[in-house]
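K.L.:
predicted coordinates and the sequence they were generated for:
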Amino acid sequence: MTTTAQALAEAIGQAVTVLPPDVTGALEKARERESGPARTQVEAILENVGLAASDSVPMCQDTGTISFFVKLGVRFPHLAALHEALPQAARAATSGVPLRPNSVHPLSGRNPGDNTGRFIPAVTWEMVDGDEAEIHVLPKGGGSENCCKLAMLPPGVGLAGVKRAVVDHVVSCGGLPCPPTVVGVGIGGGADLAMKLGKMALLRPLGQRHPEPEVAALEAELEELVNASGVGPMGLGGRTTVLAVHAEYAHRHPASLPVGIVIQCWAHRRVVVRIRADGTAATG
Amino acid sequence: MERVLTTPISEDDARRLQAGDVVYLSGTMFTARDEAHKEMLERGAPLDVSGLALFHCGPVAQERDGAWQVVAAGPTTSARMELFEADFLRRFAPRLIVGKGGMGDKTLQALSEVGAVYVHFTGGAGALAARAVRRVADVHWLAELGMPEAVWVLEVERFGPLVVAMDSHGRSLYRDLATVVDANMQGIRERIAGT
């Protein structure tokens, strides 16, 4: 296996066993806010996170669909090797960690058993300046993915309509996506782009707001509104339904106001790997 | 006080539990997700599950020296099994359903009829769950259904914490909470409209 594939396989392993510190920190804050059954849930989550890290085992049995978001420098010299390394890493991690085989043919129901398949692992390529490749590894579980939604709103509903669509939907999911969740909202673009932006919004560390104040204010307001619902950890009631809401936007067609609502469970597993021009890899 | 239930669980044991109770489980659980529910209803159960705990779970398991070990085993979303659960309860009489996210009115009705409860285990807490698994006693239909959908028979010790979320007296914490959330949402929608 190449250095790149090795680094990526290790990154998948790290992602599914060690929760990023910003997410653990947000859960610890949630524990302090909660009491009763809600607190019991967050405590069980944190105990589980600690066990997974110390025993190097997956924190959740649903080790997800493996997805990579690649910010590819236009002068990155190892593109062919990287392209090959992505499915190799998925296979190596499946047997090594191990991961649950989560890739199923949608017509025949057959599972190749190695977390690869047509378009899987899912890869999103984004061209950026520079000579490095920055690869975000995001294994995402099925329970929260089933709660994602696209709302094609009439533009006349305005920003209030966007807020309502997001809050109504996240609250209507109750305990299904394993709250406290992280919600990525993609506003504008088209149907596909809105969903993609919602997912890309998850890549930003918790606590880091969108750089534009208007978007940052929307994120904070949505968090407060959803948390006022009382759904709480695991949908058993409480103050923390979301750990964070992140928003991204793209310009839209005058007749369309797409809103992509992407929900991620508390096990917001993500790792960043940088492959430099000299072929070396750095994780974290 | 923490209460430990041991399988086989009797109908009386199950009927004594009230929504909101926190319990732990020792004894035998078997996993069944969508496919296993469907298969058992069509072909019959591969083991006698009466009095046992049904676990909505597709574990990560690993075979070492010919023996299976569970690496991670948290609950899956129970709502998907609403299609099958009432029939399943009436036919096979497990006394405890372990899952996450809750189930619907048909299941709630069947829990009352047969004397069983639905308990919530923290979603995603796969490592915590695996630590309580002492042994994989058996696995059925692994080749046909694959690892997540197969029927895993697990011996567990002090598995939990489990919150009784739907009891055999018609009470569901999810339904209770829905009333509170609906009331909160009225105020939230008014606030949004005013922005």
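P.N.:
All right, it came through fine.
K.L.:
so which bits of the stretch 51-200 of chain A are right by chain B?
P.N.:
Residues of the stretch 51-200 of chain A lying close to chain B by C-beta under 8 Å from any C-beta of the partner chain are A:51-52, A:55, A:57-63, A:98-102, A:111, A:113, A:141, A:143, A:146, A:159-160, A:163-164, A:167-168, A:171, A:174-176, A:178. For every residue, glycine as well, the C-beta is placed using N, CA and C.
K.L.:
ranges for the strands of the stretch 51-200 of chain A?
P.N.:
A:65-73, A:122-128, A:133-140, A:149-153, A:181-189 (DSSP state E, counting those that start in this stretch).
K.L.:
list the buried ones in the first one?
P.N.:
Residues of strand A:65-73 classed as buried by neighbour count (16 or more other C-beta atoms under 10 Å in any protein chain shown): A:65-73.
K.L.:
okay, the residues you listed in CSV with pLDDT next?
P.N.:
Listed next are those as CSV, based on pLDDT from 0 to 100:
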residue, pLDDT
A:Thr65, 97
A:Ile66, 98
A:Ser67, 98
A:Phe68, 98
A:Phe69, 98
A:Val70, 98
A:Lys71, 98
A:Leu72, 98
A:Gly73, 98
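K.L.:
can I get these in CSV with distance to A:Ser229?
P.N.:
Rendered in CSV, the data for these read as follows (distance: C-beta to C-beta, whole Å):
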residue, distance to A:Ser229
A:Thr65, 28
A:Ile66, 32
A:Ser67, 29
A:Phe68, 33
A:Phe69, 30
A:Val70, 36
A:Lys71, 35
A:Leu72, 39
A:Gly73, 42
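K.L.:
closest to chain B out of the residues you listed?
P.N.:
The shortest distance between chain B and any of the buried residues of strand A:65-73, using C-beta to the nearest C-beta, involves A:Thr65 and amounts to 12.9 Å.
K.L.:
out of the strands of the stretch 51-200 of chain A, which is the most enclosed?
P.N.:
For these, ranked by mean neighbour count under the definition mean count of other C-beta atoms under 10 Å in any protein chain shown, the leader is strand A:181-189 at a mean of 26.
K.L.:
what's the mean pLDDT across that one?
P.N.:
Here strand A:181-189 scores 98 as its mean pLDDT.
K.L.:
helices or strands up against it?
P.N.:
helix A:158-172, helix A:191-200, helix A:213-227, strand A:242-252, strand A:257-264 (3 or more C-beta pairs under 8 Å, 6 or more residues apart in numbering or on different chains; DSSP states H and E).
K.L.:
strands paired with it, and their directions?
P.N.:
With DSSP bridges as the test, strand A:181-189 is paired with strand A:242-252 (parallel), strand A:257-264 (antiparallel).
K.L.:
among those strands, show me which one is buried the most.
P.N.:
When neighbours are counted by mean count of other C-beta under 10 Å, the highest per-stretch mean among the strands paired with strand A:181-189 falls to strand A:257-264, a mean of 26.
K.L.:
for that one, list the C-alpha coordinates in PDB.
P.N.:
Backbone C-alpha positions of strand A:257-264 (Å, rounded to 0.1, in the frame of the first residue of the first chain) are rendered in PDB as follows:
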ATOM      1  CA  LEU A 257     -34.700  28.900  -3.000                       C
ATOM      2  CA  PRO A 258     -33.300  25.500  -2.300                       C
ATOM      3  CA  VAL A 259     -32.400  24.600   1.300                       C
ATOM      4  CA  GLY A 260     -30.400  21.500   2.000                       C
ATOM      5  CA  ILE A 261     -30.700  20.300   5.600                       C
ATOM      6  CA  VAL A 262     -28.000  17.800   6.500                       C
ATOM      7  CA  ILE A 263     -28.100  16.200   9.900                       C
ATOM      8  CA  GLN A 264     -25.100  14.600  11.600                       C
END
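K.L.:
a strand runs through A:Lys29, doesn't it?
P.N.:
No - A:Lys29 is assigned helix when assessed by DSSP: H, G, I helix; E, B strand; the rest coil, not a strand.
K.L.:
name only those of the residues of the stretch 51-200 of chain A next to chain B that count as buried.
P.N.:
Buried positions within these, assessed by neighbour count (16+ other C-beta under 10 Å), are A:51-52, A:57-63, A:98-102, A:111, A:141, A:143, A:163-164, A:167-168, A:171, A:174-176, A:178.
K.L.:
domains of chain A?
P.N.:
Chain A resolves into domains spanning A:3-15+A:59-141+A:269-283, A:143-264 when parsed by automatic domain parsing.
K.L.:
make JSON lines out of those and add distance to B:Glu85.
P.N.:
Below are the domains of chain A laid out as JSON lines (distance: least, C-beta to C-beta, whole Å):
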{"stretch": "domain A:3-15+A:59-141+A:269-283", "distance to B:Glu85": "20"}
{"stretch": "domain A:143-264", "distance to B:Glu85": "16"}
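K.L.:
the strands in chain B, which residues?
P.N.:
Read by DSSP state E, chain B holds these strands, from start to end of the chain: B:3-6, B:22-31, B:53-55, B:60-64, B:67-72, B:96-99, B:117-121, B:133-140, B:151-166.
K.L.:
for the first one, buried residues please.
P.N.:
To tie it back to what came earlier, the one meant is strand B:3-6. Within strand B:3-6, the residues that qualify as buried by neighbour count (16+ other C-beta under 10 Å) are B:Leu5.
K.L.:
put the alpha carbons of that strand into CSV.
P.N.:
This file holds the C-alpha atoms of strand B:3-6, laid out as CSV (Å, rounded to 0.1, in the frame of the first residue of the first chain):
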residue,chain,number,x,y,z
ARG,B,3,-32.5,-2.4,38.8
VAL,B,4,-31.1,-5.4,36.9
LEU,B,5,-33.5,-7.6,34.8
THR,B,6,-32.4,-11.1,34.1
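K.L.:
can you tell me the closest non-neighbouring residue to residue 74?
P.N.:
Picking chain A for this. Closest residue to A:Val74 apart from its sequence neighbours, by C-beta to C-beta, 6 or more residues apart in numbering or on different chains: A:Met127 at 5.7 Å.
K.L.:
I was thinking of chain B, sorry if that wasn't clear
P.N.:
Sequence neighbours aside, B:Gly126 is the residue nearest to B:Gly74 in space, at 3.8 Å (criterion: C-beta to C-beta, 6+ apart).
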